[in-house]
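In: can you look at this prediction? I've put the sequence above it.
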Protein chains: 2
Amino acid sequence: MPEVTTSNSGVGPDSTGVSDAGLDGVHEAVRHICPLNEVLDRVSGKWAIGVLTLTGAEEVVRFTEFERGIPGISRRMLTLTLRNLERDGLLTRTVYATVPPRTEYRLTEAAQELAQTLSLLTDWAKRHQAHVQASRVAYDETH
Amino acid sequence: MPEVTTSNSGVGPDSTGVSDAGLDGVHEAVRHICPLNEVLDRVSGKWAIGVLTLTGAEEVVRFTEFERGIPGISRRMLTLTLRNLERDGLLTRTVYATVPPRTEYRLTEAAQELAQTLSLLTDWAKRHQAHVQASRVAYDETH
DNA sequence: CCGAATCCGCTCAGATACTG
DNA sequence: CAGTATCTGAGCGGATTCGG
């Protein structure tokens, strides 16, 4: 299991004594981002969201269906993504020892909730897509 | 501007003729993930969420406050993250030509909405943290 | 105080080839 | 059909140094 090691967040508790006191509000706020990073660590990586979204829409998905449904993904990346999601308890993998073999993936309950939350992010993206686009153009012109 | 180029999503329209027909449902579902990837592309990168969360809690934040508030971040990465967020129209940067200099960052309206949505993800993470943790341990033991 | 510039290691992710 | 294995380039991100 050499790759896609889900990176060790970094914003973890490896703090550097922020005990100057007086910024308790700040410290309190930062503590909230730790679990968030855990989420994004496992949702990041260019393909995980595609897998989650696709599975959320199809209920049960086979390996080949992912390959066709997610344009541009390689066999390797699909496998890696699938394994990580399975490892994190977001996807269940069922192998049928038939000929030819058949493997089915489906979301766990936890992942179904996640998928719904992710859809809210999609909504945000759709609403502000133009704004972001315009901001970039403007920024790139002036810098 | 050589780094943190916000990566070109990859799940873009560079499709490979998925015109087999019959899987319109799938194709329809995948089209929804494109904007989502745009969001995550700019929110990913290990530090962006920390910046957004911190700024959301503090209203207005100075450069040095970020450094102290986000344990482990380097000057370089902070600057890069800040610039990207500014470029995407999520952060405003106000420089006061005083001595010593003073720079203030605050969220745009769009970013404030995003921050709220991200907090929902945090909630999810908190609720399922234990489950994910347990799943990993179990997975690592059997593989 | 707020950065910019350079050097460099590490991981991610693509291409390719092989297996049960 | 559903993977695994190996090689490789590209870019992220850390440490350090210099400037306004």
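Out: Cool, got the structure. Note that the coordinates shown come from a computational prediction; the quantities given were computed from them, not determined experimentally.
In: got the phi and psi for residue A:102?
Out: Note on residue A:102: backbone dihedrals following degrees, to the nearest 10 are phi -140, psi 130.
In: my guess is it contacts residue A:62, does it?
Out: Yes - Residue A:102 is in contact with residue A:62 according to CB atoms under 8 Å; the separation is 6.8 Å. All C-beta spots, glycine's among them, are computed from the backbone N, C-alpha and C.
In: how far off helix B:109-142 does the helix or strand harbouring residue A:139 point, in degrees?
Out: Using DSSP states H and E, residue A:139 maps to helix A:109-142. Per axes from the mean of the first three to the mean of the last three CA atoms, to 10 degrees, the angle that helix A:109-142 makes with helix B:109-142 is 130 degrees.
In: list the buried residues in helix A:109-142.
Out: A:110-111, A:114-115, A:117-118, A:121-122, A:124-125, A:128, A:132, A:135-136 (16 or more other CB atoms under 10 Å in any protein chain shown).
In: tell me the pLDDT at residue A:46?
Out: Each residue has a pLDDT score; the one for residue A:46 is 80.
In: most centrally placed residue in chain A?
Out: residue A:43 (1.1 Å; CA atoms, centre = their mean).
In: for residue A:75, which non-adjacent residue is closest in space?
Out: In space, and not counting its chain neighbours, residue A:75 is closest to residue A:67: 7.1 Å by CB to CB, 6 or more residues apart in numbering or on different chains.
In: around DNA strand D, which positions in chain A sit nearby?
Out: A:10, A:62-64, A:75-76, A:79, A:82-83, A:93, A:95, A:100-103 (CB under 7 Å from any atom of the strand).
In: max pairwise distance over the residues you listed: which two?
Out: A:10 and A:100 (42.7 Å; CB to CB).
In: these two: who's more crowded?
Out: residue A:10 (16 against 5; other CB atoms under 10 Å in any protein chain shown).
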